[in-house]
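**Student:** sequence unavailable; structure follows:
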C-alpha cells in the first residue's frame, strides 16, 4: 500500500480499519524517511511478511495498541 513511498515522513492511520485486510506484506517497505507512524486501531490480519522492511527504524516512532504489531515492528 505504501511500499516505496520514499518521501513519506509521517502517516496517521489511527482511524484506518484494517479488519478486512488479507495481505499486509511489504505495506511500509522502503519508507525509509518515515519518522511517525500512528497505527492505533490497526489489527494484524493475514500475511504480514516484510511489513516493516524499513532502514533506520530506530528513527521512526510507532504508535499502536496492538502489542503483536509493535513486536513485529521491532523484530523485522
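**Tutor:** Yep, that arrived. This is a predicted model, so every value here is computed, not measured.
**Student:** give me the number of residues near the nearest residue to residue 59 once chain neighbours are set aside?
**Tutor:** Of all residues not flanking residue 59 in the chain, residue 35 sits nearest, at 6.2 Å (C-beta to C-beta, 6 or more residues apart in numbering). Glycine gets a C-beta too; all of them are placed from N, C-alpha and C. Counted with other C-beta atoms under 10 Å, the neighbours of residue 35 add up to 12.
**Student:** backbone torsions only: list them for residue 35.
**Tutor:** Dihedral pair for residue 35: phi -110, psi -30, per degrees, to the nearest 10.
**Student:** any idea how far it is from residue 19?
**Tutor:** Noted for residue 35: a distance of 27 Å to residue 19, by C-beta to C-beta, to the nearest Å.
**Student:** what does the helix or strand bottoming out on mean pLDDT in the chain rub up against?
**Tutor:** The helix or strand of the chain with the poorest confidence is helix 67-75; it has a mean of 80 (mean pLDDT, DSSP states H and E). Contact partners of helix 67-75, identified using C-beta atoms under 8 Å, 6 or more residues apart in numbering, comprise 39, 42-44, 48, 51-52, 57, 62, 64.
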